[in-house]
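1. Starting from these lines, generate the structure:
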Amino acid sequence: MKKGQLKECEDIVQSLSTCKTLLKEEELRNKLFEILNPFILMWMSSVLKKKGMYLEKSELLSVSWDCFEFCLKHYKIDRNIPIPNHFYSYTRFYLSTAHLEKGKKDKRYGSSQEFSNGEQFDILDELKKFRSCLDKEYESVFDDALMSMRAAPKDRTQRLGVTTLSYHRYHEMKKIFKVVIDFLLRR
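-> So this is what the prediction gives:
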């Protein structure tokens, strides 16, 4: 971040703390977001890449706004923490907590849901039949999609090198397979 941008961000944050009207506060907040958003997007992409996760540009932009609001809400002017340092740290923290919350929601297929042995085998059999209908290049994508639905982040894999698909096509196929797997599991 350039010194001019940093100074402008500090001035805006200072003005936000003394702002009297809601309209002016929104205007200042949006201006701060415009300045910080390219950096937040870069930080988010970096953190998500390390976790082996992928978000579409529209999803990334939406999450960046939520992340920005979270960072701004927790910024304390009296502590004199540099704005980029604070926003970077809180971006990482936000993605960790949001990821944990998502992981809790993904546990719907865990041991808490009661299936009889017959139902479990039927579901597994349907998944196996569906996988056997796929071309060889899509089988690894299907496996990755299935594993990425688990709650444990260490089990989420991305074997892009195993397939001949492009990066974006791989992730689009993975999304589609997740929908299909979810459908088969819920039936």
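2. what packs against the helix or strand harbouring Leu61?
-> Using DSSP states H and E, Leu61 falls within helix 57-73. Where contact means 3 or more C-beta pairs under 8 Å, 6 or more residues apart in numbering; DSSP states H and E, helix 57-73 is packed against helix 22-50, helix 83-105. Every C-beta, even on glycine, is put in place using the N, C-alpha and C of the backbone.
3. Now those helices in TSV, please, with extra columns for mean pLDDT, mean neighbour count and distance to Met147.
-> Putting these into TSV (pLDDT from 0 to 100; neighbours: other C-beta atoms under 10 Å; distance: least, C-beta to C-beta, whole Å) gives the following:
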stretch	mean pLDDT	mean neighbour count	distance to Met147
helix 22-50	88	15	17
helix 83-105	73	15	13
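4. Would you tell me which of those gets closest to His168?
-> Checking the helices and strands packed on helix 57-73 against His168 by C-beta to C-beta gives helix 22-50 as the closest, at 14.3 Å.
5. now for that closest one, which elements pack on it?
-> Using 3+ C-beta pairs under 8 Å, 6+ apart: helix 22-50 touches helix 3-18, helix 57-73, helix 83-105.
6. Distance to Glu119 added to those, as JSON lines?
-> Formatted as JSON lines, the helices and strands packed on helix 22-50 follow (distance: least, C-beta to C-beta, whole Å):
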{"stretch": "helix 3-18", "distance to Glu119": "55"}
{"stretch": "helix 57-73", "distance to Glu119": "33"}
{"stretch": "helix 83-105", "distance to Glu119": "22"}
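7. Can you give me the domain assignment for the chain?
-> Domain assignment for the chain by automatic domain parsing gives 3-107, 114-186.
8. Quick one: find the helix or strand in the chain with the lowest mean pLDDT.
-> Taking mean pLDDT, DSSP states H and E as the measure, the chain has helix 83-105 as its least confident helix or strand, at a mean of 73.
9. Centroid-nearest residue for the protein?
-> Nearest to the mean C-alpha position of the chain, by C-alpha atoms, centre = their mean, lies Leu55 at 6.1 Å.
10. how distant is the helix or strand hosting Ile181 from the center of its chain?
-> Counting by DSSP H and E, the element that carries Ile181 is helix 167-186. With C-alpha atoms, centre = their mean, to the nearest Å as the basis, helix 167-186 stands 16 Å off its chain's centre.
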